[in-house]
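Undergrad: Just the structure for this:
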Amino acid sequence: MKTAYASVLALAAGASAFTAPSLPSAARSSTKVAETKADLEVLAKELNPVIGFYDPLNLAEAEFWGQSNEATIGFLRHAEIKHGRVAMFAFVGYIVHANGIKFPWAMQMDGSPFPSETNPPALWDAISNDAKWQIFALIGFLEFWSELSTPNHKHYMRGGKPGDYPDFVSGKDGIPHPVPFNLYDPFKFSKNMSEETKARRLRAELNNGRLAQLGIFGFLCEQTIPGSVPGLSGVVVPYDGEPMAPFTTNVIGQPFGL
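TA: Alright, predicted model coming up:
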């Protein structure tokens, strides 16, 4: 969550950070889009047979921005998957930083090393604004690319698969230079994977993402409100900054004296 190298480590380890229960399902596959409330109810039982379908806000019947219910469910499904993935990056990255693991070489061209801070939010504060802007620029590009709708990749609100990230396409219809690896499965390990295995791993990813969201906010709550998470008391270091603020100064309000 806090630096680029933590994200790389989380990409490798985040998906297997937790063990999720799975149920055999011949009726569903990873290519099936859960676009109705009935589909969500079936998926919920597969993800957690004990709790099952839980929708107290009745979002499964909503129609956001005048879109259809199917499009709204596609949006919500994609949002959950994406938030879960970010949370897995954050959870693993937090543990990496808290244990002082970092690259041995310089972080910046001027020779500045990676910070030695082991309090993850404080470590983020110690990174230069230039480095942060580079991270946000990469995130912005990935967000832009994820929203593309092409003949080979339908948007998740238009019948595409929620959570499916489009391949990097080179040439006149894509990126103007070769991109040898895709964001998802860059080494094509899943090329010959069975549909049953893909479905099982997708269910595991959803459960892992939900658990990681609870985990990373548990860390941050205990750091900023000591005693709020009894199991983490004395485990994480207190932090008196603002963990939700990307910069130590208000870069938007500063010109207005805020």
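
Undergrad: where does the chain dip in pLDDT?
TA: 1-34, 258 (pLDDT under 70).

Undergrad: In contact with the nearest residue to Val229 once chain neighbours are set aside, which residues?
TA: Spatial nearest neighbour of Val229, excluding adjacent residues (CB to CB, 6 or more residues apart in numbering): Glu222 at 4.0 Å. Placement of C-beta: from N, CA and C, glycine included. Contacts for Glu222 were tallied using CB atoms under 8 Å, 6 or more residues apart in numbering; they are 228-229, 232-233, 235-236.

Undergrad: And for Asn119?
TA: Contacts for Asn119 (CB under 8 Å, 6+ apart) come out as 98, 223, 237, 239.

Undergrad: For the second one, give its distance to Lys45.
TA: Which is Gln223. Distance, Gln223 to Lys45, using CB to CB, to the nearest Å: 36 Å.

Undergrad: Between the two, tell me which one has more neighbours.
TA: Higher neighbour count among Gln223 and Lys45: Gln223, with 23 against 15, using other CB atoms under 10 Å.

Undergrad: Let me see the contact set for the closest residue to the more buried one other than its chain neighbours.
TA: Spatial nearest neighbour of Gln223, excluding adjacent residues (CB to CB, 6+ apart): Tyr239 at 4.2 Å. Shown in contact with Tyr239 (CB under 8 Å, 6+ apart): 119, 121-122, 220, 223-224.

Undergrad: Could you export these to JSON lines, including columns for secondary structure?
TA: Formatted as JSON lines, the contacts of Tyr239 follow (DSSP: H, G, I helix; E, B strand; the rest coil):
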{"residue": "Asn119", "secondary structure": "coil"}
{"residue": "Pro121", "secondary structure": "helix"}
{"residue": "Ala122", "secondary structure": "helix"}
{"residue": "Leu220", "secondary structure": "helix"}
{"residue": "Gln223", "secondary structure": "helix"}
{"residue": "Thr224", "secondary structure": "helix"}
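
Undergrad: could you redo those residues as JSON lines and give each row distance to Pro151?
TA: Formatted as JSON lines, the contacts of Tyr239 follow (distance: CB to CB, whole Å):
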{"residue": "Asn119", "distance to Pro151": "48"}
{"residue": "Pro121", "distance to Pro151": "43"}
{"residue": "Ala122", "distance to Pro151": "47"}
{"residue": "Leu220", "distance to Pro151": "42"}
{"residue": "Gln223", "distance to Pro151": "47"}
{"residue": "Thr224", "distance to Pro151": "47"}
